[in-house]
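Engineer: from the sequence below, what's the structure:
(chains A and B)
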Amino acid sequence: MPQTITVPFPVQVKPKFKISQPQEKKQLRVQLETVDLHVYYGETHAVKGVDLPLYQNTVTAFIGPSGCGKSTFLRCLNRMNDTIPGARVEGRIMVEGIDINQPVINTSHLRRHIGMVFQRPNPFSKSIYENIAFAPRLYGASKKDLDRIVEESLKKVALWDEVKDRLHKTALALSGGQQQRLCIARAIAMNPRIILLDEPTSALDPISTGKVEELVQELKKDFTIAIVSHNMQQAARISDYTAYFYMGNLVEFGETAQLFTNPKKKETEDYLTGRFG
Amino acid sequence: MEQAAKAQGSSCKESLSEQLMKPMRKMLIIEKQGKIITLVCAWVLIVTLFSLLYFITSKGISPFVNNQITLAEFFSFEWGPTASAEQGGPFYGAMAFILGSLAVTLGATVVSAPLGIGAAIFMTEIAPDWGKKILQPVIEMLVGIPSVVYGFIGLTVIVPVIRETAGGLGFGLLAGIIVLSIMILPTIISVGVDAIQAIPRQIREGSYALGATRWQTVSRLVVRAAIPGLMTGVVLGMARAFGEALAVQMVIGNSPNLPASFIEPISTLTSVITLNMGNTVQGTTYNNVLWSMALILLLITMLFIFLIRFITRRREY
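Structural biologist: Predicted coordinates:
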């Protein structure tokens, strides 16, 4: 976990964000890269030519005002936009030398490798155990494997101690924060390469939010993480890289410390200081 | 101040305290009126229902209370209301009809539950666009066709086909099952469609995001979560099938046989009641026994309704 320090902001920037420090450069490897990515919803041009890398074992935050295309962009990365009628994605999304934005790509297998967690916790109306076992079972995991996967996944999200006595009770009885951590456990049960988090804390209270943020820091040791956030402090706290979206364009992308303290673009600075719009 | 009062009309010339202290009589009258009108509607309904229940129950239990027949006789298999005393009669055993009703209901459910649930899944999950465009109007039309028309079609199309292919008279359990299963299909489909659509979109998204295919999502999550709603549709269909008289009576054959074969004529509670109600004299044992059958119908239908209540109470989504 990287050290977090309080960085004094330039004069215009009032809030003192805790900003995570960048990791050492030499470890970085590009896990995923988009090249000139466009998304259209019918007539609407929602994402306009975005080039963006996700580095391995880092957290990349997407920030920007509502409707700026950050969630839409995130949903491209595991082809979830395929499920929306009328959505069209153009451009390349390179993962380990393969363009995953091709019709021949098996989206089911793709989504095993690029997991996703949504804004509202969406556990299935099954037991806690079955929620996590759902996806591994689809790919033929044995009973023994399932037990192991469930335990490991729950431990990774720090939920094991809270629920180990009621694994076979319904997941809907959990609190919102627990449900969201269960959904994260469900995503990592498939041992994906990348986890996409679409505003994972916007429906949670501050304490649950804190737990999820801590968890994200833990998870980046094993996974590459992309997170959409409405909350700039959150993005500053937990991410290594930040991408600022506005009106479907990627305005600025850079190391979080640099982007928050010394943005290169005027628009980014305006947004960060609240002088936006 | 004055201008504002003028703008609000003459009624607002009083000061605020005067306004607030004004008795609410006028308003209360309007309130009361609304309350009374709806209350009368509710009470008319309640009184009608309970008097109906009372009437059927009192009529239904009268042959037993008046010692005209015993319960054991009523639940026996021998039916011969016109048999003379030398033959040991008359016999009023209604068991064959109860079993006939149950058999035809069960048969219709077995045929139409899978069909209906399958169609509901198709319409909501597989092809929502054209599935709805074509199936929705078809279902509405099926609901709109009167039962006598179903019976008539059964009589002129289904019965002859059964007669030629399976033998026998063509009238009987099989014909009843076919006609009824078509009749209850719309109920099962439309309730099922509502149940499946009520499953939130996030659940499907969550499943897709884990790498599940559409069919895996539908079969393992959506349909399972919708089971209470789907079962409600099935039970509603069963209740309808159980109570249907006219169409059944036209194709069932109306012989007091046990439902032991698909192609032999049998009878159901409803068909016996509709056929004989007009031909019996009020107050006679025969007439009263028909009321007892109506009571049995009522009780079993109530059972279906309790079943629905039970199923829907345990809904989680």
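Engineer: shaky segments in chain A?
Structural biologist: Within chain A, the segments meeting pLDDT under 70 span A:1-27, A:276-277.
Engineer: A:K221 and chain B, how far apart?
Structural biologist: To chain B, A:K221 is 22 Å away according to Cβ to the nearest Cβ, to the nearest Å. (Glycine included, C-beta is placed from N, CA and C.)
Engineer: looking at this, that residue is in a helix?
Structural biologist: No - looking at A:K221 with DSSP: H, G, I helix; E, B strand; the rest coil, it is coil, so not inside a helix.
Engineer: touching, it and A:N57? I think so.
Structural biologist: Yes - shown here, A:K221 and A:N57 form a contact pair, counting by Cβ atoms under 8 Å, at 6.6 Å.
Engineer: so between these two, which is more surrounded?
Structural biologist: A:N57 (17 against 9; other Cβ atoms under 10 Å in any protein chain shown).
Engineer: what is the three-state secondary structure of the more buried one?
Structural biologist: Assignment for A:N57 (three-state DSSP): coil.
Engineer: and what of the one 4 residues further on?
Structural biologist: What three-state DSSP gives for A:A61 is strand.
Engineer: also A:V89?
Structural biologist: Strictly by three-state DSSP, A:V89 counts as strand.
Engineer: specify the beta-bridge partners of it.
Structural biologist: For A:V89, the beta-bridge partners under DSSP bridges are A:V39.
Engineer: I'd assumed A:R75 was in contact with it.
Structural biologist: No - shown here, A:V89 and A:R75 do not form a contact pair, counting by Cβ under 8 Å, at 9.1 Å.
Engineer: neighbours of residue 166, how many?
Structural biologist: Using chain A. 14.
Engineer: nope, chain B please
Structural biologist: Here the number of neighbours of B:A166 (other Cβ under 10 Å) works out to 14.
Engineer: same question for the one 3 residues further on.
Structural biologist: Applying other Cβ under 10 Å, we find 14 residues neighbouring B:L169.
Engineer: list the residues that contact it.
Structural biologist: B:159, B:163, B:253, B:263-265 (Cβ atoms under 8 Å, 6 or more residues apart in numbering or on different chains).
Engineer: so which of those reach chain A?
Structural biologist: Among the contacts of B:L169, no residue sits close to chain A (Cβ under 8 Å from any Cβ of the partner chain).
Engineer: let me know the closest of those residues to B:A245.
Structural biologist: Lowest distance from B:A245 to these (Cβ to Cβ) belongs to B:G253, with 14.5 Å.
Engineer: bridging residues for that closest one?
Structural biologist: Beta-bridge partners, per DSSP bridges, of B:G253: B:I266.
Engineer: how close does it sit to B:V272?
Structural biologist: Counting by Cβ to Cβ, to the nearest Å, the separation of B:G253 from B:V272 is 12 Å.
Engineer: where does A:P200 sit: helix, strand or coil?
Structural biologist: A:P200 ends up coil, using three-state DSSP.
Engineer: mind listing what it touches?
Structural biologist: Contacts of A:P200 (Cβ under 8 Å, 6+ apart): A:117-119, A:180, A:184, A:212, A:227.
Engineer: that's a strand at B:D129, yeah?
Structural biologist: No - assignment of B:D129 by three-state DSSP gives helix, placing it outside any strand.
Engineer: from chain A, how far off is it?
Structural biologist: According to Cβ to the nearest Cβ, B:D129 stands 9 Å off from chain A.
Engineer: spell out which parts of chain A neighbour chain B.
Structural biologist: A:78, A:80, A:83, A:108-112, A:115-118, A:120, A:122-125, A:134-135, A:138-139, A:170, A:172, A:183, A:186-187, A:190.
Engineer: which residues in the stretch 51-200 of chain B form strands?
Structural biologist: For the stretch 51-200 of chain B, strands defined by DSSP state E, counting those that start in this stretch occupy the ranges B:79-80, B:91-92.
Engineer: go on, the stretch 51-200 of chain A?
Structural biologist: Going by DSSP E, counting those that start in this stretch, the stretch 51-200 of chain A shows strands at A:59-63, A:87-95, A:98-99, A:114-117, A:194-198.
Engineer: and those: which comes nearest A:D240?
Structural biologist: Judged by Cβ to Cβ, the one of those that comes nearest to A:D240 is strand A:59-63, at 5.3 Å.
Engineer: name the helices or strands packed onto the closest one?
Structural biologist: helix A:70-76, strand A:224-228, helix A:232-238, strand A:241-246 (3 or more Cβ pairs under 8 Å, 6 or more residues apart in numbering or on different chains; DSSP states H and E).
Engineer: list the neighbouring strands of the last one plus their orientation.
Structural biologist: What it means is strand A:241-246. Here strand A:241-246 has these sheet partners by DSSP bridges: strand A:59-63 (parallel), strand A:249-255 (antiparallel).
Engineer: what residues does that strand touch?
Structural biologist: By Cβ under 8 Å, 6+ apart, strand A:241-246 touches A:50, A:52, A:55, A:58-65, A:68-70, A:73, A:235-236, A:250-256, A:259-260, A:263, A:265, A:267-268, A:271.
Engineer: and for the first one?
Structural biologist: Where contact means Cβ under 8 Å, 6+ apart, the residues beyond helix A:70-76 that reach it are A:34, A:37, A:39, A:41, A:46-47, A:50, A:52, A:62-64, A:81, A:89, A:93, A:101, A:116, A:196, A:198-199, A:226, A:228, A:243, A:245.
Engineer: filter these to the buried ones?
Structural biologist: A:34, A:37, A:39, A:46-47, A:50, A:52, A:62-64, A:81, A:89, A:93, A:101, A:116, A:196, A:198-199, A:226, A:228, A:243, A:245 (16 or more other Cβ atoms under 10 Å in any protein chain shown).
Engineer: average pLDDT across the longest helix along chain B?
Structural biologist: In terms of residue count, the longest helix belonging to chain B (DSSP state H) is helix B:25-65. Averaging pLDDT along helix B:25-65 yields 91.
Engineer: if we take the contacts of A:P200, which one ends up nearest to chain B?
Structural biologist: Using Cβ to the nearest Cβ, A:F118 comes nearest to chain B of those, at 6.3 Å.
Engineer: tell me the bridge partners for the residue lying closest to the closest one once chain neighbours are set aside.
Structural biologist: Of all residues not flanking A:F118 in the chain, A:D198 sits nearest, at 5.4 Å (Cβ to Cβ, 6 or more residues apart in numbering or on different chains). Applying DSSP bridges to A:D198 yields these beta-bridge partners: A:V228.
Engineer: pretty sure A:D198 is touching A:V228, no?
Structural biologist: Yes - using Cβ under 8 Å, A:D198 is in contact with A:V228, at 5.1 Å.
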